[in-house]
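**Q** kindly return the folded structure for what I paste below:
(one chain, ligands or ions: 1)
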Amino acid sequence: MPDKLTIPDLMEKMANGEPISMITCYDYPTARIIDRAGVDLVLVGDSVAMTVLGHKTTLPATMDMMIIFAEAVARGCERAFVIGDMPYMSYQVSVSEAIRNAGRYMAEAAVDCVKLEGGRAMCDAVRGIVHAGIPVMGHLGLTPQSASAIGGYKVQGRSGQAAINILEDALALQDAGAYSVLLELVPARITEVITEKLEIPTISIGAGAGASGFCQIFHDAVGMFEAFTPRHAKQYASIGAQIREAMDQFVADIKDRTYPGPEHSFKVASDALNEFLEYAEKR
Ligand code: KIV
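**A** Predicted structure coming up:
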């Protein structure tokens, strides 16, 4: 059994300039495959509300729902460090609720840390969770839970002041005890500078190549999400197309009676069959 990755391992990777890999995951069989491939960080993202449950935003994700997905993923990961994404309104209302919900993730789902969106405004919650002994990853730039307030799903930090705000938020999260910061949809050069200024790893999703690590949504990476493919996603497989082909063939096999064949059926011993046929005839 491989050793579980730890925060000191991630810090060492960052110090050695070795990029950290991160991907989202929502179920046990996929978690096993991802873990065996050697991905470092596995995020049970609230993106599950969109990628798996078909909602238009991440907002309908709840703690109870996330715990179920996270439990399955944690069971499938022996080596990868598993991150439970704090869903909408699970940490914004009060620090004590944030600590309680982060604690639920650790105790009920056995994740290794939590992630939450927001910078300086969320630092009390981050401090409280970290003081409770739970590692926290911050999330800045495009923060989908506040898409409505920040003007939609678009690149953040394009003006000087907006970029300064992201840097200050990142520094504040580090001071509050976050062990890492995810930067989503931030211009590449801004990410590079923020990465230089921080002592903790940055993870980029659509934030260029200058971070300490890189993340993708699993369904984008394997070609499973047909609603849209973001510009920053790289597709490594066309699993959606392969599933479609398989299902087309399944339907065709049923129609022309190719499936099930004798090799998919079970036999019964002749004395049992005779007894049954004799009985059936009289019914
Ligand atoms: O929920 C999620 O999948 C995320 C990604 C943007 C990394 O937070």
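**Q** what does the residue nearest to Ile20 when sequence neighbours are not counted show for phi and psi?
**A** With sequence-adjacent residues excluded and distances taken as Cβ to Cβ, 6 or more residues apart in numbering, Ile20 is closest to Gly213, at 2.9 Å. Quick note: C-beta positions are derived from backbone N, CA and C, even for glycine. Gly213 adopts backbone torsions of phi -150, psi 170, taken as degrees, to the nearest 10.
**Q** counting neighbours, what do you get for Gly213?
**A** Other residues lying near Gly213 total 22 when counted by other Cβ atoms under 10 Å.
**Q** ditto for the one 10 residues further on
**A** For Gly223, the neighbour count with other Cβ under 10 Å is 18.
**Q** what's the answer for Ala74, then?
**A** By other Cβ under 10 Å, 22 other residues sit near Ala74.
**Q** quick one: contacts for it?
**A** Contact analysis of Ala74 by Cβ atoms under 8 Å, 6 or more residues apart in numbering lists 31, 82, 109-111.
**Q** quick one: buried residues of stretch 204-219?
**A** 204-208, 210-219 (16 or more other Cβ atoms under 10 Å).
**Q** who are the packing partners of the helix or strand harbouring Met14?
**A** Assigned by DSSP states H and E, Met14 falls within helix 7-15. If contacts are counted by 3 or more Cβ pairs under 8 Å, 6 or more residues apart in numbering; DSSP states H and E, helix 7-15 sits against strand 20-24, strand 213-216.
**Q** show me what counts as buried in that helix.
**A** The neighbour-count check on helix 7-15 (16+ other Cβ under 10 Å) flags 10-11, 13-14 as buried.
**Q** quick one: the strands in the stretch 151-283 of the chain, in order.
**A** 180-184, 202-205, 213-216 (DSSP state E, counting those that start in this stretch).
**Q** near the ligand, which residues of the stretch 51-200 of the chain?
**A** Residues of the stretch 51-200 of the chain lying close to the ligand (Cβ under 6 Å from any ligand atom) are 58, 85, 184.
**Q** ChimeraX command to pick out the buried ones of the residues you listed?
**A** A single ChimeraX command selects the buried members of those (16+ other Cβ under 10 Å):
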select :58,85,184
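**Q** ranges for the helices of the stretch 1-150 of the chain?
**A** Taking DSSP state H, counting those that start in this stretch as the criterion, the stretch 1-150 of the chain carries its helices at 7-15, 28-37, 48-51, 63-76, 95-104, 123-131.
**Q** just the CA atoms of the helix holding Met14, as PDB, please.
**A** Listed in PDB are the C-alpha atoms of helix 7-15, where the atom choice follows Å, rounded to 0.1, in the frame of the first residue of the first chain:
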ATOM      1  CA  ILE A   7       1.400  18.500   3.500                       C
ATOM      2  CA  PRO A   8       5.200  18.300   4.100                       C
ATOM      3  CA  ASP A   9       5.400  16.200   0.900                       C
ATOM      4  CA  LEU A  10       3.600  18.900  -1.000                       C
ATOM      5  CA  MET A  11       5.800  21.600   0.500                       C
ATOM      6  CA  GLU A  12       8.900  19.500  -0.600                       C
ATOM      7  CA  LYS A  13       7.500  19.200  -4.100                       C
ATOM      8  CA  MET A  14       7.000  23.000  -4.200                       C
ATOM      9  CA  ALA A  15      10.500  23.600  -2.800                       C
END
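**Q** identify all contacting residues around it.
**A** Contacts for helix 7-15 (Cβ under 8 Å, 6+ apart): 19-20, 40-41, 81, 113, 135, 179-180, 200-201, 212-213.
**Q** hang on, the earlier thing: save the residues of the stretch 51-200 of the chain next to the ligand as TSV, and put in pLDDT too.
**A** Converted to TSV, these look like this (pLDDT from 0 to 100):
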residue	pLDDT
Thr58	97
Asp85	98
Glu184	98
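**Q** might you report the residue contacts of the residue of the chain at minimum distance from the ligand?
**A** Nearest residue of the chain to the ligand: Gly45, at 2.2 Å (Cβ to the nearest ligand atom). Going by Cβ under 8 Å, 6+ apart, Gly45 touches 24, 26, 58, 85, 217.
**Q** check the buried residues of helix 7-15 and tell me the two furthest apart.
**A** Greatest spatial distance in these: Met11 and Lys13, 7.3 Å, computed using Cβ to Cβ.
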